[in-house]
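*Asks:* just the structure for this:
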Amino acid sequence: VYTLKGGRSTRKQAVYALLLALKLRRQQYDIVVDLQNNRISKIIRKLLSPASWSEFDKHSYNPAGVRTENTIRNIGLGDFLPDFKIHITDPSTGIALLKDAGWYEGRKLIALNPAGFTPSKNWPIDYYAEFGRLLLKKYPDAQFLILGIDRIREKADYLQEQLGENLINLVGKTSPATAFAILQHVSLIVSEDSGLMHMAWVSGRPTIALYSVSISDRSRPLGEHSICLSSADMECGGCMAAECKFGDVRCLTRYTPEIVLNEAEKLLQYA
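*Replies:* Numbers count the residues shown, from 1 in each chain. Below is the predicted model of the structure:
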């Protein structure tokens, strides 16, 4: 698997793509599987001139995970199933940070992730707090975790006030790699549509995904360990708008803390 470098700079992407293509031509691959299917990846694939190739389907409404699976399956390697048990190089990564912050290993660790990028993707922050209080009544030894970038620091501080010492606040204290490693230890994550949610479900961690304006049919988490509470059944569902046209994000607020707790218990019994 080769990654495309260059960030969001088209010029840098083009330079790295040319260097990568030159490197790969020496390997003389017979088959190329294009899991991006964008302008840059197409250029690389054409420069390699493989005898056979397969590319990611960008247009269907199948979940992205299924489309990725189909892209690989189409090269004819036989039948296979997705593996949600990712093995990281050093399983202990992040454990010391968690323990220093107050985690008692063996207790259920519940990640809360109010990190949807736009207001239309946000479950009310007071719902998170109420969900936490309700869960603690059922699981008194549970601990909560919030991590991510400084953009959610204000929300993290609010949850710290509401949940007190039951919340481990690591916002701004982890790299993406460390955050990924820490998520391997959670018993559940309740998350808006954002990066940490995708990290968790691909790792096989029990995941409740709160989808509002996102088109859930195309990007929802997969596997029996995930539950997606989406807007798919609503007339305005999957609108992709940054602001709710009704001003109340009703596609998410209808999922009360009690409803989410009920879904969480379905997953926690297997955690």
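*Asks:* give me the below-cutoff pLDDT ranges for the stretch 151-271 of the chain.
*Replies:* 270-271 (pLDDT under 70).
*Asks:* any idea where the helices of the stretch 101-250 of the chain begin and end?
*Replies:* In the stretch 101-250 of the chain, the helices defined using DSSP state H, counting those that start in this stretch lie at 125-138, 153-163, 176-183, 195-202, 216-219, 250-253.
*Asks:* may I see these organised as JSON lines, with mean neighbour count added?
*Replies:* Heads up, the C-betas are built off the backbone N, CA and C, glycines and all. Listed next are the helices of the stretch 101-250 of the chain as JSON lines, based on neighbours: other C-beta atoms under 10 Å:
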{"stretch": "helix 125-138", "mean neighbour count": "18"}
{"stretch": "helix 153-163", "mean neighbour count": "17"}
{"stretch": "helix 176-183", "mean neighbour count": "19"}
{"stretch": "helix 195-202", "mean neighbour count": "22"}
{"stretch": "helix 216-219", "mean neighbour count": "18"}
{"stretch": "helix 250-253", "mean neighbour count": "19"}
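*Asks:* gap between residue 186 and residue 110?
*Replies:* Distance, residue 186 to residue 110, using C-beta to C-beta, to the nearest Å: 7 Å.
*Asks:* common neighbours of these two, please.
*Replies:* Applying C-beta atoms under 8 Å, 6 or more residues apart in numbering, one finds that residue 186 and residue 110 are jointly contacted by residue 145.
*Asks:* next, count neighbours for the closest residue to residue 56 other than its chain neighbours.
*Replies:* Of all residues not flanking residue 56 in the chain, residue 37 sits nearest, at 4.1 Å (C-beta to C-beta, 6 or more residues apart in numbering). Using other C-beta atoms under 10 Å, residue 37 has 16 other residues around it.
*Asks:* using the three-state scheme, assign residue 37.
*Replies:* Classification of residue 37 using DSSP: H, G, I helix; E, B strand; the rest coil returns coil.
*Asks:* returning to that earlier point: residue 186 and residue 110: which has the busier surroundings?
*Replies:* More crowded of residue 186 and residue 110, by other C-beta under 10 Å: residue 110, with 26 against 22.
*Asks:* who's in contact with that one?
*Replies:* If you count contacts by C-beta under 8 Å, 6+ apart, then residue 110 has 132, 135, 142, 143, 144, 145, 186, 187, 188, 189, 190, 264 around it.
*Asks:* before we move on, the earlier item: how about the contacts made by the residue nearest to residue 56?
*Replies:* Residues counted as contacts of residue 37 (C-beta under 8 Å, 6+ apart) are 55, 56, 57, 58.
*Asks:* try it again at 7 Å.
*Replies:* 55, 56, 58 (C-beta atoms under 7 Å, 6 or more residues apart in numbering).
*Asks:* mark which of those residues are part of strands, please.
*Replies:* Using DSSP state E, residue 55 are the members of the contacts of residue 37 that sit in strands.
*Asks:* turn the contacts of residue 37 into JSON lines, columns for pLDDT, distance to residue 219 and neighbour count.
*Replies:* Output for these, formatted as JSON lines (pLDDT from 0 to 100; distance: C-beta to C-beta, whole Å; neighbours: other C-beta atoms under 10 Å):
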{"residue": "55", "pLDDT": "96", "distance to residue 219": "18", "neighbour count": "17"}
{"residue": "56", "pLDDT": "96", "distance to residue 219": "13", "neighbour count": "17"}
{"residue": "58", "pLDDT": "93", "distance to residue 219": "12", "neighbour count": "11"}
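*Asks:* now, which of the contacts of residue 37 sits nearest residue 81?
*Replies:* residue 56 (19.1 Å; C-beta to C-beta).
*Asks:* surely the closest one touches residue 38?
*Replies:* No: counting by C-beta atoms under 7 Å, residue 56 sits too far from residue 38 to count as a contact (8.9 Å).
*Asks:* and for residue 147, nearest residue in space, chain neighbours not counted?
*Replies:* Nearest to residue 147 is residue 170, by C-beta to C-beta, 6+ apart, at 4.1 Å.
*Asks:* hang on, I meant residue 219
*Replies:* That would be residue 64: by C-beta to C-beta, 6+ apart, it lies 5.3 Å from residue 219.
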